[in-house]
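**Student:** quick one, structure for this:
(one chain, ligands or ions: 2)
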Amino acid sequence: MSTRRQFLVASSSLLLAAPMARGATGASPRFAADPFSLGVASGFPTPDSMVLWTRLAPQPLAPGGGMDPVVVPVQWELAADERFAKVGRSGITWAEPALGHSVHVEPEGLEAGRDYWYRFRVGNAVSPVGRTWTATPTGQSRNSLQIAVACCQHWETGFYTAYQQMLRDAPDLILHVGDYIYENNRGRNRVRDHGTAECYTLEDYRARYALYRSDAGLRAAHASCPWLLVPDDHEIDNDYANDISEDDDLPSLFLARRALAYQAYYENQPLPRRAVPMGPDIRLYSSRALGDLASIHLLDERQYRSPHACPAPGRRGGNRVYVDDCPQLLDPSRTMLGAQQEAWIDARLASDKARWNLVVQGVVTAYVQEEPGSKLRYWTDSWNGYAPARQRLMDSIANRAPPNPLIIGGDIHAFIASDIRRRPGDNSTPLLTSELVATSVSSEGPGKAVIDATLGGRPEVHYADDAKRGYLRLQLDAKQVRADMVAMDSVREPTSKATVAASFVLEAGRRGLQSA
Ligand code: FE
Ligand code: CA
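**Tutor:** Ligands and ions are numbered 1, 2, ... in the order given. I've put the predicted structure just below:
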């Protein structure tokens, strides 16, 4: 057992013992309002477990969620049926003020490949019921898997009609690829306001999650199925890179802010307990095998990346730069994932033999030339700004040759369906993989001119549209992945109809997306 692991074990048993020793528990707490206002969630299923989440917040927007600063015992129940006719498992866990009275339960030894229902009790309050499942074990295949991919849900620029539509689809799994909250206020055409300034403190970030979770559709989506999530920049700060903030704060100061933002992220999402932040560090990259049908690899492209190349004067973050003016762009020592994560994904791609290997991350991976004509111009926040690091990821995919790799991206507030070549941007090299980018749930698109200038006319780009808000619906089976780009008619009204803007199919054993 490593020293670090011993420390973790020791500190977690201390946490469990502490309330007994201190006697400072709200043993039979009474609440003036529903302590389960933020709903319930589950995530990160394995064959014998998953994470069950809630966070007590009778006054969700108040400091500490309106909870007294005491440790509170919370009961959890897991059943094999929706009515809890027979409670299969139950237990007590502690909601601690140090973690915003959040609860992350990981039951052990569950039956593989089946549905479960769960709920929580505290005092005389009972939570809503959530549905979740355990993964099919490796060596067995499930027939199909429906995944909804969401990202970029700025509260101010639209209603979450996408989640209402997702609930109609009843997906097996929801993948969120970042910008779950926005720390900043923005948008030309707002339908509502955050009502508070940019997030800096722990209470700022906590209240921002609570505001977003006041959306009934979002809460229902969390209760409806397990999620896998990885943040992008706005959960912390626009365009941050490792310890560099957008406003070029002193790195030590930014790391202090990053620690608070990661803590609020952990407190408010169904993340495994191994992801408890250690100061400014949080382990977010991870993999889930869902039987022999699919493996999903989540990459963290923010925490370990090199600073952006050639930032605009007076600020940091992304910039549109000419490659000729910025040799740093092609410096192979720069990294997007960090050496450890690069080795990790390389090993995953070597060992994972699932039919579909989804490499999931928060930005655009495809080669993008930002300006028509011959002068190369790159946007430095996406993988284009880290081209040698991208090439190493493509080399991993090519050399490790996992069956049927598919990249999932977000960030740009546009749907994109494109193929990626062995050397991205070099049309003389063969097709290696494809990328499907989910548009935003509600954040404003970059504008048609930008999309046309950057992606128009490239033969490997099948579709690019920034005018649509919505999500990606993926249907996986042994033969193919079908991808529907589900577009909401409106995010300016609280409810809306949806249409499928475009559909693509990726056939098993064949490279390249095809129109469906
Ligand atoms: Fe975004
Ligand atoms: Ca982003």
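**Student:** quick one: average pLDDT of stretch 417-435?
**Tutor:** The average pLDDT within stretch 417-435 is 96.
**Student:** pull the distance from it to the chain's centre.
**Tutor:** 25 Å (C-alpha atoms, centre = their mean, to the nearest Å).
**Student:** using PDB, list the CA coordinates for that stretch.
**Tutor:** The C-alpha coordinates for stretch 417-435 follow below in PDB (Å, rounded to 0.1, in the frame of the first residue of the first chain):
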ATOM      1  CA  ALA A 417     -19.200  16.000 -37.800                       C
ATOM      2  CA  SER A 418     -15.800  15.400 -39.300                       C
ATOM      3  CA  ASP A 419     -13.200  12.700 -40.100                       C
ATOM      4  CA  ILE A 420      -9.700  12.900 -38.800                       C
ATOM      5  CA  ARG A 421      -6.700  11.800 -40.800                       C
ATOM      6  CA  ARG A 422      -3.600  10.000 -39.600                       C
ATOM      7  CA  ARG A 423      -1.900  13.400 -39.800                       C
ATOM      8  CA  PRO A 424      -4.700  15.800 -39.100                       C
ATOM      9  CA  GLY A 425      -4.900  18.400 -41.900                       C
ATOM     10  CA  ASP A 426      -2.700  16.300 -44.300                       C
ATOM     11  CA  ASN A 427      -5.100  15.000 -46.900                       C
ATOM     12  CA  SER A 428      -2.400  12.600 -48.300                       C
ATOM     13  CA  THR A 429      -2.700  10.500 -45.100                       C
ATOM     14  CA  PRO A 430      -5.400   7.900 -44.600                       C
ATOM     15  CA  LEU A 431      -8.500   8.300 -42.400                       C
ATOM     16  CA  LEU A 432      -7.800   7.400 -38.800                       C
ATOM     17  CA  THR A 433     -10.900   8.200 -36.800                       C
ATOM     18  CA  SER A 434     -13.900  10.600 -36.700                       C
ATOM     19  CA  GLU A 435     -15.100  13.300 -34.300                       C
END
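**Student:** which SS class is Ala32?
**Tutor:** Taken by DSSP: H, G, I helix; E, B strand; the rest coil, the conformation at Ala32 corresponds to coil.
**Student:** can you give me the neighbour number for it?
**Tutor:** Residues near Ala32, counting by other C-beta atoms under 10 Å, number 8. C-beta coordinates here come from the backbone N, C-alpha and C atoms, glycine included.
**Student:** and Ala197, by the same measure?
**Tutor:** 10.
**Student:** roughly how far does it sit from ligand 2?
**Tutor:** 20 Å (C-beta to the ion, to the nearest Å).
**Student:** swap in Arg30?
**Tutor:** Arg30 is 41 Å from ligand 2, where distance means C-beta to the ion.
**Student:** ditto for Thr138
**Tutor:** 33 Å.
**Student:** ok, that residue touching Asp292?
**Tutor:** Yes - with contact defined as C-beta atoms under 8 Å, Thr138 counts as touching Asp292 (6.5 Å).
**Student:** any residues in contact with both of the two?
**Tutor:** Jointly contacting Thr138 and Asp292 under the rule C-beta atoms under 8 Å, 6 or more residues apart in numbering are Ala354.
**Student:** so for those two, which residue has more residues nearby?
**Tutor:** Using other C-beta under 10 Å, the more surrounded residue of Thr138 and Asp292 is Asp292, with 19 against 16.
**Student:** quick check: Asp292 touching Asn357?
**Tutor:** No - applying C-beta under 8 Å, one finds Asp292 not in contact with Asn357, separated by 11.6 Å.
**Student:** tell me how far Ser90 lies from Pro107.
**Tutor:** 9 Å (C-beta to C-beta, to the nearest Å).
**Student:** if you count surrounding residues, which of those two has more?
**Tutor:** Pro107 (19 against 15).
**Student:** find me the pLDDT at that one, would you?
**Tutor:** pLDDT at Pro107 comes out at 97.
**Student:** Three-state assignment for it, please.
**Tutor:** coil.
**Student:** shaky segments in this structure?
**Tutor:** The model of the chain has pLDDT under 70 over residues 1-27.
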